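Participant: build the 3D model from these lines:
(chains A and B)
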Amino acid sequence: DAMVIQNPRYQVTQFGKPVTLSCSQTLNHNVMYWYQQKSSQAPKLLFHYYDKDFNNEADTPDNFQSRRPNTSFCFLDIRSPGLGDAAMYLCATSPSGRETQYFGPGTRLLVL
Amino acid sequence: RKEVEQDPGPFNVPEGATVAFNCTYSNSASQSFFWYRQDCRKEPKLLMSVYSSGNEDGRFTAQLNRASQYISLLIRDSKLSDSATYLCVVNGDTGTYKYIFGTGTRLKVLA
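Facilitator: Residues are numbered from 1 along each chain as shown, chains lettered A, B, ... in the order given. Prediction:
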């Protein structure tokens, strides 16, 4: 059974049109992460939550926002997608931020 | 200096070969170490955690050298299906819940 679920798997949006990516987990893990990964690059951390505590990376653009309404769900909002935001977006969870991370299958975003 | 460094490769090896990857990390306070495997256009999947005592899982052996701040992955008897990118991942020091990724080492096993 899938433990970290991401929807949609593929998202096409227009330049400047807001988009929301979702992630849910059945693991009851405290920590949830959003990463952006571009071709041939390592995943780049955008932000993470420890429970409800939100931690933004210093170089994450303001265009990217996140919400975690409860333990199971986390959302990534891109307010005005640019062509440079086309990438794979990966959600991951960890029990307490020290152990193995569990990744969802990712959402591939295309910006036209 | 990058926090986690890997040789990007590609490593092209024949089937049956033994191949080794190294990864160095800069933060001596790092607590946890992992090797992930990532296939093209897929999510990273845990290959193995790395412990000070070293650990082995079938054809895969991982080692941690804290004194020199590197971890290694050895793959014996390479299979075509081992072709992938191998990501070295290091957990940060106390008080942080972040994982630092290397850029990955690409392996191609050739028939």
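Participant: those residues of chain A touching chain B, which are they?
Facilitator: Contact residues (CB under 8 Å from any CB of the partner chain) of chain A with chain B: A:31, A:33, A:41-43, A:45, A:48, A:50, A:55, A:88, A:90, A:94, A:96-106, A:108. Using the backbone N, CA and C atoms, a C-beta is placed for each residue, glycine as well.
Participant: parallel or antiparallel, list what pairs with the helix or strand hosting residue A:49.
Facilitator: Here residue A:49, judged by DSSP states H and E, is contained in strand A:44-50. Next to strand A:44-50 in the sheet, as set by DSSP bridges, lie strand A:31-37 (antiparallel), strand A:53-56 (antiparallel).
Participant: out of the ones you listed, nearest to residue B:82?
Facilitator: Of all those, strand A:31-37 sits nearest to residue B:82, with 21.1 Å by CB to CB.
Participant: for that closest one, buried residues please.
Facilitator: By neighbour count on 16 or more other CB atoms under 10 Å in any protein chain shown, the buried set for strand A:31-37 is A:31-37.
Participant: residues contacting the residue lying closest to residue B:2 once chain neighbours are set aside?
Facilitator: What sits nearest to residue B:2 in space, not counting adjacent residues and going by CB to CB, 6 or more residues apart in numbering or on different chains, is residue B:26, at 7.3 Å. By CB atoms under 8 Å, 6 or more residues apart in numbering or on different chains, the contact list for residue B:26 reads B:1-4, B:69.
Participant: most neighbours among those residues, please name it.
Facilitator: Ranked by neighbour count under the definition other CB atoms under 10 Å in any protein chain shown, these are headed by residue B:4 with 22 neighbours.
Participant: beta-bridge partners for it, please?
Facilitator: Beta-bridge partners, per DSSP bridges, of residue B:4: residue B:25.
Participant: let me know the pLDDT of it.
Facilitator: With respect to pLDDT, residue B:4 scores 93.
Participant: repeat for residue B:51
Facilitator: 81.
Participant: dihedrals phi and psi, the closest residue to chain B within chain A?
Facilitator: Using CB to the nearest CB, the closest approach of chain A to chain B is made by residue A:97 at 2.6 Å. Per-residue torsions, residue A:97: phi 80, psi 10 (degrees, to the nearest 10).
Participant: neighbours of the closest residue in space to it that isn't next to it in sequence, how many?
Facilitator: Nearest in space to residue A:97, with sequence neighbours left out and distances taken as CB to CB, 6+ apart, is residue B:97 at 2.6 Å. Using other CB under 10 Å, residue B:97 has 18 neighbouring residues.
Participant: who's in contact with residue B:97?
Facilitator: A:31, A:48, A:50, A:55, A:94, A:96-98.
Participant: could you check how far residue B:96 is from residue B:71?
Facilitator: 19 Å (CB to CB, to the nearest Å).
Participant: sorry, wrong one. I was asking about residue B:85.
Facilitator: If you go by CB to CB, the gap between residue B:85 and residue B:71 works out to 16 Å.
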